[in-house]
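**Student:** Sharing a model prediction with you, sequence too.
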Amino acid sequence: MALIVQKYGGSSVADAEGILRVAKRVVDTRRAGHDVVVAVSAMGDTTDELLDLAAHVAPVPAPRELDMLLSSGERISMALLAMAINSLGFEARSFTGSQAGMITDAHHGSARIVDVTPVRLREALDEGAVVIVAGFQGFNRDTRDITTLGRGGSDTTAVALAAALNAEVCEIYSDVDGIYTADPRVVPRARKMDRISSEEMLELAANGAKVLYIRAVEFARRHGVLIHARSSFSSNEGTLVINELLSEKLRAEGDPMEEPIVAGVATDLSHAKITIVGVPDVPGKAADIFTIVAKAGANVDMIVQNVSAAATGRADISFTLPMADATLAINALIASQAEVGFESLQHDDGIGKLSVVGAGMRTNAGVSAKLFEALSDAGINIEMISTSEIRISVVMRGDKLPEAARVVHTAYGLDSEIDAAVHGGTGR
């Protein structure tokens, strides 16, 4: 008998039918002799609907009250799922994030987990109950307020519970059968992977892949949690996210865990580009600019500076950042224009980012050439380039991104023979 943590996304518990389907899966796991802890997201689009409602009553909702509002979505899911499991003849108990001992810092809207004290969960498990926990939420001891964990918070909740309870595996259920070589809604011939390294998954998640969120993958890698990404709509085997500790174990058992040259292609339409025109090409100006951007709370992704013009001694600096941060950065830079001495700003929210990820890039030549050749053959222009040890990212026009993903996916030989199935249509 093992302890298994399962997480179900909003598409899995979108309606009564979905909740009953999840309840049956949980009961089947319990019948197999395992202890089960379940983390649930809000039903369907509940969180988005609550955000819209808040915007109608208050242009800028108080962060504390917004967390109180948004955390209600998961409480609805957890109670309904517990009722459904009870109706199937198995005891289930639901717990809010605070009741589950999910302790966070005081940052409303994007709190970080600082401790997990699952005393009540362990008691319930010892008494034979299935434990249901509201994902996405926690509690700050100093302020005694409810907090929410931000985007992908239910994934993070599940992984944190798995670490705290020493679970055998953390199963993340969504409406796709696992982790694919690309978003199957963009690249229909994307191929499901049997396993992927946590290092590769971190890069994919950081660059637009939405089936798992980066904070959850990072937490799992740090604490040695095995993630199994699966679909709640089928019984198909999913994808294992292998952390470094497990990789060493597999190698010791004779499994070579050969690293693919390219594991997957990620796409992201959530970024904007800011170009600062006519920056004096003298030491310290880039530091001034990005200090201003950092103080505004904007998170910079890619940066490109062109060669300065000899006649003017000025250069242009372009950088990308999340669309939500663009206004903050622009306002801060305009306020400091006289101090920095640049000529003007340009804002472009029509970009898309494509990233190619693979641990095998370290030891194989020609990966970049193949990417650029595929895009060139398709007539797609590249505006920016960024690389890491196992990733190449390029920025292009956003309307070209789907085509770019498909041609690059084909160029690396990643296409499957059949179209991928997305059961709920959201990827979550």
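**Tutor:** Here it is on my side, so go on. Numbering: from 1, shown residues only.

**Student:** C-alpha only now, for contacts and for neighbours.
**Tutor:** Will do.

**Student:** shaky segments in the stretch 201-350 of the chain?
**Tutor:** For the stretch 201-350 of the chain, the stretches flagged by pLDDT under 70 are 244-259.

**Student:** So which residues of it form strands?
**Tutor:** Counting by DSSP state E, counting those that start in this stretch, one finds strands in the stretch 201-350 of the chain at the ranges 227-231, 239-242, 264-268, 271-280, 303-305, 314-322, 344-348.

**Student:** Could you list every helix and strand in contact with the longest helix along the chain?
**Tutor:** As assigned by DSSP state H, the longest helix anywhere in the chain is helix 63-87. Where contact means 3 or more C-alpha pairs under 8 Å, 6 or more residues apart in numbering; DSSP states H and E, helix 63-87 is packed against helix 16-31, strand 35-40, helix 46-57, strand 92-95, strand 130-134, strand 146-148.

**Student:** average pLDDT across it?
**Tutor:** When pLDDT is averaged along helix 63-87, the result is 97.

**Student:** what's the angle from it to helix 16-31?
**Tutor:** Angle between the axes of helix 63-87 and helix 16-31 is 60 degrees (criterion: axes from the mean of the first three to the mean of the last three C-alpha atoms, to 10 degrees).

**Student:** Quick one: distance of helix 63-87 to the chain centre.
**Tutor:** 21 Å (C-alpha atoms, centre = their mean, to the nearest Å).

**Student:** Could you list the buried residues of it?
**Tutor:** Within helix 63-87, the residues that count as buried by 16 or more other C-alpha atoms under 10 Å are 64, 66-86.

**Student:** just to revisit the earlier point, turn the helices and strands packed on helix 63-87 into JSON lines, columns for mean pLDDT and mean neighbour count.
**Tutor:** Putting these into JSON lines (pLDDT from 0 to 100; neighbours: other C-alpha atoms under 10 Å) gives the following:
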{"stretch": "helix 16-31", "mean pLDDT": "96", "mean neighbour count": "18"}
{"stretch": "strand 35-40", "mean pLDDT": "98", "mean neighbour count": "26"}
{"stretch": "helix 46-57", "mean pLDDT": "94", "mean neighbour count": "14"}
{"stretch": "strand 92-95", "mean pLDDT": "98", "mean neighbour count": "22"}
{"stretch": "strand 130-134", "mean pLDDT": "98", "mean neighbour count": "28"}
{"stretch": "strand 146-148", "mean pLDDT": "97", "mean neighbour count": "29"}
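
**Student:** Nearest to residue 322, out of those?
**Tutor:** helix 46-57 (18.6 Å; C-alpha to C-alpha).

**Student:** packing partners for that closest one?
**Tutor:** Applying 3+ C-alpha pairs under 8 Å, 6+ apart, we find helix 46-57 packed against helix 63-87.

**Student:** Before we go further, residue 166 is sitting in a strand, right?
**Tutor:** No - looking at residue 166 with DSSP: H, G, I helix; E, B strand; the rest coil, it is coil, so not inside a strand.

**Student:** Burial check on it, number of neighbours?
**Tutor:** By other C-alpha atoms under 10 Å, the residues close to residue 166 number 16.

**Student:** just the one 10 residues further on next, same as before
**Tutor:** For residue 176, the count of nearby residues is 28 (other C-alpha under 10 Å).

**Student:** I'd like to know how far it sits from residue 212.
**Tutor:** For residue 176, the distance to residue 212 equals 11 Å [C-alpha to C-alpha, to the nearest Å].

**Student:** Skipping adjacent residues, who's closest to residue 157 in space?
**Tutor:** Of all residues not flanking residue 157 in the chain, residue 135 sits nearest, at 5.5 Å (C-alpha to C-alpha, 6 or more residues apart in numbering).

**Student:** so who does the one you found touch?
**Tutor:** 39-41, 74, 96-97, 153-155, 157-158 (C-alpha atoms under 8 Å, 6 or more residues apart in numbering).

**Student:** What is the nearest of the residues you listed to residue 368?
**Tutor:** Within these, proximity to residue 368 (C-alpha to C-alpha) peaks at residue 155, which comes in at 32.6 Å.

**Student:** Just the element for the closest one, please.
**Tutor:** Assigned by DSSP states H and E, residue 155 belongs to helix 153-164.

**Student:** what packs against that helix?
**Tutor:** Helix 153-164 packs on strand 3-8, strand 35-40, strand 113-116, strand 137-139, strand 169-174, helix 214-223, going by 3+ C-alpha pairs under 8 Å, 6+ apart.

**Student:** quick check: angle from it to strand 169-174?
**Tutor:** Using the same axes, to 10 degrees, helix 153-164 lies at 170 degrees relative to strand 169-174.

**Student:** Mind checking which residue lies nearest the centre of the chain?
**Tutor:** For the chain, residue 213 is the residue whose C-alpha lies nearest the centre (C-alpha atoms, centre = their mean; 2.1 Å).

**Student:** ok, it touching residue 204?
**Tutor:** No - look at residue 213 against residue 204 with C-alpha atoms under 8 Å: they stay out of range, at 9.3 Å.

**Student:** coming back round to it: got the helices and strands packed on helix 63-87 as TSV, with distance to residue 315 columns?
**Tutor:** Below are the helices and strands packed on helix 63-87 laid out as TSV (distance: least, C-alpha to C-alpha, whole Å):
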stretch	distance to residue 315
helix 16-31	56
strand 35-40	50
helix 46-57	41
strand 92-95	56
strand 130-134	51
strand 146-148	42
